[in-house]
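**Student:** using only what follows, build the 3D model:
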Amino acid sequence: MAEVRVTVDGVNYADEVEPRMLLVQYLRERLGKTGTLIGCDTSNCGACTVHLNGQSVKSCSVLAVQADGAEVLTIEGLARGEDLHPVQKAFNECHGLQCGYCTPGMIMAAVDLLGDNPDPDEHEVREGIEGNLCRCTGYQNIVRSVQRAAQMMKPGATAPTEQPAPVAGD
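**Tutor:** Numbering: from 1, shown residues only. Predicted coordinates:
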């Protein structure tokens, strides 16, 4: 067994774990952070994306012991009480999800993208989320959601004044 001390969503934890335990397993099984999903176990889908020391990572490819001393932010930690993070709000407003399985990882990747590039164009959004797969959508509403979140996060931004443009087929 190995000792792990980690801060997850602002709360400090100290646990003994098997050295081979993945961070995604630790988050879900030990801490109950079930918003971090297990999709493929091969780091291809991105459903398990979290932030590790401020950078998005696929938690199925990180051992829990590698997170020792680190800060982890999960989808559960984005909202502040009842106030959703702007990316969460934008995904809701712009219908950036269908079945919802990819949504937590997609949102976490989008938050990281917007931290690096606060005003991405469509190509930059698609490039920024390319490690996260969605099997339900054509990504149009996901891209629109990320761009809407970028607008919402600009200094001085106010509540939306217009509805998102319709997507073909709506």
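
**Student:** got a list of what the residue of the chain positioned farthest from its centre touches?
**Tutor:** What lies farthest from the middle of the chain is Met1; by CA atoms, centre = their mean that is 29.4 Å. With contacts defined as CB atoms under 8 Å, 6 or more residues apart in numbering, the neighbours of Met1 are Glu16, Val17, Glu18, Pro19. Bear in mind the C-beta positions are built from the backbone N, C-alpha and C, glycine included.

**Student:** spell out the secondary structure type for the residue nearest the centre of the chain.
**Tutor:** Nearest residue to the geometric centre of the chain (CA atoms, centre = their mean): Met108, 1.6 Å. What DSSP: H, G, I helix; E, B strand; the rest coil gives for Met108 is helix.

**Student:** with adjacent residues omitted, what lies nearest to it?
**Tutor:** Thr49 (4.3 Å; CB to CB, 6 or more residues apart in numbering).

**Student:** tally of neighbours for that neighbour?
**Tutor:** 32 (other CB atoms under 10 Å).

**Student:** now it: phi and psi?
**Tutor:** The main-chain torsion angles of Thr49 are listed as degrees, to the nearest 10 and equal phi -60, psi 130.

**Student:** that one pairs with what?
**Tutor:** Beta-bridge pairing for Thr49 (DSSP bridges): Lys58.

**Student:** show me where the protein has strands.
**Tutor:** 2-8, 11-17, 49-52, 55-58, 71-73 (DSSP state E).

**Student:** please identify the most buried of those strands.
**Tutor:** Highest mean neighbour count among those (mean count of other CB atoms under 10 Å): strand 49-52, with a mean of 26.

**Student:** helices and strands around that strand, which ones?
**Tutor:** With contacts taken as 3 or more CB pairs under 8 Å, 6 or more residues apart in numbering; DSSP states H and E, strand 49-52 sits against strand 55-58, strand 71-73, helix 103-116.

**Student:** one step back: distance to Val146 and pLDDT added to the contacts of Met1, as a markdown table?
**Tutor:** Listed next are the contacts of Met1 as a markdown table, based on distance: CB to CB, whole Å; pLDDT from 0 to 100:
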| residue | distance to Val146 | pLDDT |
| --- | --- | --- |
| Glu16 | 39 | 97 |
| Val17 | 34 | 97 |
| Glu18 | 37 | 97 |
| Pro19 | 37 | 97 |
